[in-house]
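> sequence below, structure please.
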Amino acid sequence: MQEKIKALKAAFPHTIPVLTGYMFLGIAFGILLNSKGYSFIWAIFMSIIIFAGSMQYVAINILTAAFDPLNAFIMTLMVNARHLFYGLSLLDKFSEAGKKKTYMMFGLVDETFSLLCAAEPPEGVDRGWFMFFITLLNHFYWITACAIGGILGSLVSFNTKGIDFVMTALFVVIFLNQWKSQEKHAPALIGIAASVLCLLVLGPSNFIIPAMALIILSLTGYRKSFEKGVEKCCLPSSNQSS
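Next comes the predicted model:
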């Protein structure tokens, strides 16, 4: 137990930026979901089972549209396809986590991936538990924020017009930060070009899934350069604890 508490205390400071970001995004999601007639219980349930901020926002439209499971499956696969690359790049690190790795693979969202790549446990802290608690804390923050948003939405009347733009704004900020932090801009340019091409050819109602498919195919061809960059980011420290 002492080992777990030590790992939890070491992991918590690294997750504070995620906590602040999730509060805004999760509350906005909960409010928006409630405005569509779904109680905060749905916000909690979706956050526990889905745990994918962007897909949860997309899921609101799926829930309120005509029943189309095939489209929902394809959309979910495309929106979260980037997690395939995340998981592959962290296979070695997760091998240290034992039975905990099953949950850690489930909880591998963008923010957790960034922390697991960058954060190192202090000396004497078990790496497996350290990574586990980073994942668990981030998941807990998201569930809590979404629940708060759902409760607020049921207690106070909000004008939700435009609130669904919060995820668009988030991804624009992430894109700009990634652009500034990376020397190679080919993946970003591939994404822009594929999206614009599909938008022009297929129109705004039908371009998303084809664009994501084209992006994935293009990035797969570019994967060697991508994997080299990720491996450089995620190489385990030589002084890691067992």
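
> please make it C-alpha for all contacts and neighbour counts, starting now.
Noted.

> could you pull up phi and psi at residue 195?
phi -70, psi -50 (degrees, to the nearest 10).

> contact partners for the closest residue to residue 191 other than its chain neighbours?
Nearest non-adjacent residue to residue 191, counting by C-alpha to C-alpha, 6 or more residues apart in numbering: residue 215, 5.6 Å away. Residues counted as contacts of residue 215 (C-alpha atoms under 8 Å, 6 or more residues apart in numbering) are 190-191, 194-195.

> roughly how far apart are the residue lying closest to residue 94 once chain neighbours are set aside and residue 1?
Once flanking residues are discounted, residue 94 sits nearest to residue 101: 5.6 Å by C-alpha to C-alpha, 6+ apart. Residue 101 sits 19 Å away from residue 1, taking C-alpha to C-alpha, to the nearest Å as the criterion.

> quick one: which of these two has more around it?
Remark: of residue 101 and residue 1, residue 101 carries more neighbours, 19 against 6, as counted by other C-alpha atoms under 10 Å.

> now that one: how far from residue 77?
Counting by C-alpha to C-alpha - residue 101 and residue 77 are separated by 21 Å.

> likewise for residue 142?
Going from residue 142 to residue 77 by C-alpha to C-alpha gives 21 Å.

> those two - which one has more neighbours?
A count of neighbours by other C-alpha under 10 Å puts residue 142 above the other of residue 142 and residue 77, at 26 against 17.

> which secondary structure element of this structure has the lowest mean pLDDT?
Across the helices and strands of the chain, mean pLDDT, DSSP states H and E gives its lowest value to helix 223-234, namely a mean of 57.

> that older thread, nearest to residue 97, of the contacts of residue 215?
Closest approach between these and residue 97, by C-alpha to C-alpha: residue 191, at 33.6 Å.

> list the buried ones in the longest helix along the chain?
Secondary structure of the chain per DSSP state H: the longest helix is helix 2-35. Buried residues in helix 2-35, counting neighbours by 16 or more other C-alpha atoms under 10 Å, are found at 4, 6-8, 10-11, 14-15, 18-19, 22-23, 25-35.
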